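A.B. asks: Predicted coordinates and the sequence they were generated for:
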Amino acid sequence: MSRKIQKYLSVLVKLAMTLLVISPFYIALIYSVKSKQEMVTDRLAFPKTIHWDNFTRAIETSNFGLALRNSLVTTVLAVLFITLTCTMASYIIARKNNRFYNLIYYLFVGAMIIPFQSIMTPLYIDMTRWKLLNTLHGFIFAKIGFQIAFTVLLVSGFVKSIPKELEEAAAIDGAGLYSVFFRIVFPLMKPIVLTSIVLNALNVWNDFQMSLTLLQQKQVRNIPLTQYFFFGENSIELGLAFALFILSVIPILALYLMLQKYIIGGITQGAVKG
């Protein structure tokens, strides 16, 4: 096979993969501005008439402002807490190479393989007993608990790539543990910290299973739950659901685009050293 044919095949494969990846976004976009009739007759065709009113109806019907506020509050607070605590925990685990901290590390590894479905009922019972059901802070605590193991494993691998000599030099100059961490180590952790922020924000923002379990009342529903309730028992509002999806993806997509250059480097260095 000649190089020219190989080049053409490579381009075709890349083009096919690109179309495959962007097809869900295309479907979401055209469905968000289609009428119900066009969704049945011309499912994948671009709409003849663009129904921008789907967005206004979706906002009014779903109380989008409240859902957006709930999602922003839970995502920001959970990510801030996870970032602060997990970076410090990862630093200690990576630097203290003894049996106790190795055991802690492997406990986090084991925690990652526990599926949410296996503890969904006990979690619901405990949240009810502690009066945290249908509260945003209860949902935040639960999400933090599920994201800590992943974040610690991700960050601790990166910490091992930071030279210890920098910390030893700061300690010789009289810097304490917290001073060494926040002045020397934490700034060097910028790639992995930003990576963990994006990944954890995506996880909290898009969470559905835990939200459905813990946030059942209207006043505490987040965006995924609000979108879900467009799919009723007797009627389905696809246009409104996809319009709400387009609106909900904008904040998290903006965060991803701002920090995307750090994600690959942070994950790669964390995986290699972990």
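C.D. replies: Right, received. Where do you want to start? Remember, predicted model here, so these are calculated numbers, not experimental data.
A.B. asks: hey, let's count contacts and neighbours off CA atoms from now on
C.D. replies: OK.
A.B. asks: Low-confidence bits of the stretch 151-274 of the chain, can you list those?
C.D. replies: Where the stretch 151-274 of the chain drops to pLDDT under 70, the residues are 233-234, 262-274.
A.B. asks: can we see that at 50?
C.D. replies: 270-273 (pLDDT under 50).
A.B. asks: What is the neighbour count of residue 35?
C.D. replies: By other Cα atoms under 10 Å, 21 other residues sit near residue 35.
A.B. asks: Equivalent analysis for residue 257, please.
C.D. replies: With other Cα under 10 Å as criterion, residue 257 counts 10.
A.B. asks: Next: the one 4 residues further on.
C.D. replies: Residue 261 is surrounded by 13 other residues when neighbours are defined as other Cα under 10 Å.
A.B. asks: Surely it forms part of a helix?
C.D. replies: Yes: the assignment for residue 261 by DSSP: H, G, I helix; E, B strand; the rest coil puts it in a helix.
A.B. asks: so what's the spatially most central residue of the chain up against?
C.D. replies: Note on the chain: the residue nearest the mean C-alpha position is residue 202, at 1.7 Å, using Cα atoms, centre = their mean. Counting by Cα atoms under 8 Å, 6 or more residues apart in numbering, residue 202 touches residue 252.
A.B. asks: rerun at 10 Å
C.D. replies: 75, 79, 196, 249, 252-253, 255-256 (Cα atoms under 10 Å, 6 or more residues apart in numbering).
A.B. asks: now do residue 111
C.D. replies: 105, 145-150.
A.B. asks: Please indicate which of these are buried?
C.D. replies: Buried members of the contacts of residue 111, scored by 16 or more other Cα atoms under 10 Å, are 105, 147-150.
A.B. asks: any idea how far residue 224 is from the residue nearest to the centre of the chain?
C.D. replies: Residue 202 sits 12 Å away from residue 224, going by Cα to Cα, to the nearest Å.
A.B. asks: now do residue 189
C.D. replies: Relative to residue 224, and taking Cα to Cα, residue 189 is found at 31 Å.
A.B. asks: Which residue of those two possesses the greater neighbour count?
C.D. replies: Neighbour count, other Cα under 10 Å: between residue 189 and residue 224, residue 224 has more, with 21 against 18.
A.B. asks: Of the contacts of residue 202, just say which sits nearest to residue 65.
C.D. replies: For those, the residue nearest residue 65 by Cα to Cα is residue 249; the value is 14.2 Å.
A.B. asks: the helices in the stretch 151-274 of the chain, which residues?
C.D. replies: In the stretch 151-274 of the chain, helices defined by DSSP state H, counting those that start in this stretch lie at 164-172, 177-180, 186-188, 190-206, 209-214, 223-228, 238-273, listed in chain order.
A.B. asks: Can you give the distance of the first one from its chain's centre?
C.D. replies: Distance, stretch centre to chain centre, for helix 164-172: 35 Å (Cα atoms, centre = their mean, to the nearest Å).
A.B. asks: Output the contacting helices and strands for it.
C.D. replies: Applying 3 or more Cα pairs under 10 Å, 6 or more residues apart in numbering; DSSP states H and E, one finds that helix 164-172 makes contact with helix 177-180.
A.B. asks: Which elements pack onto the helix it packs on?
C.D. replies: Helix 177-180 sits against helix 164-172, with contacts defined as 3+ Cα pairs under 10 Å, 6+ apart.
A.B. asks: Can you tell me what sits against the helix it packs on?
C.D. replies: 95, 173-177, 179-181, 183-185.
A.B. asks: Can you say which of those are buried?
C.D. replies: Using 16+ other Cα under 10 Å as the burial test, the contacts of helix 164-172 include 175, 180-181, 184-185 as buried.
A.B. asks: Farthest-apart pair in these, please.
C.D. replies: So for the buried ones among the contacts of helix 164-172, where distance means Cα to Cα, the most widely separated pair is 175 and 185, at 12.3 Å.
A.B. asks: The nearest residue to residue 132 once chain neighbours are set aside: what's it in contact with?
C.D. replies: Closest residue to residue 132 apart from its sequence neighbours, by Cα to Cα, 6 or more residues apart in numbering: residue 138 at 4.7 Å. Residue 138 makes contacts with 74, 127-128, 130-132, 144, 214-215, as judged by Cα under 10 Å, 6+ apart.
A.B. asks: for those residues, which one is nearest residue 39?
C.D. replies: Relative to residue 39, the closest of these is residue 215; by Cα to Cα it sits at 31.2 Å.
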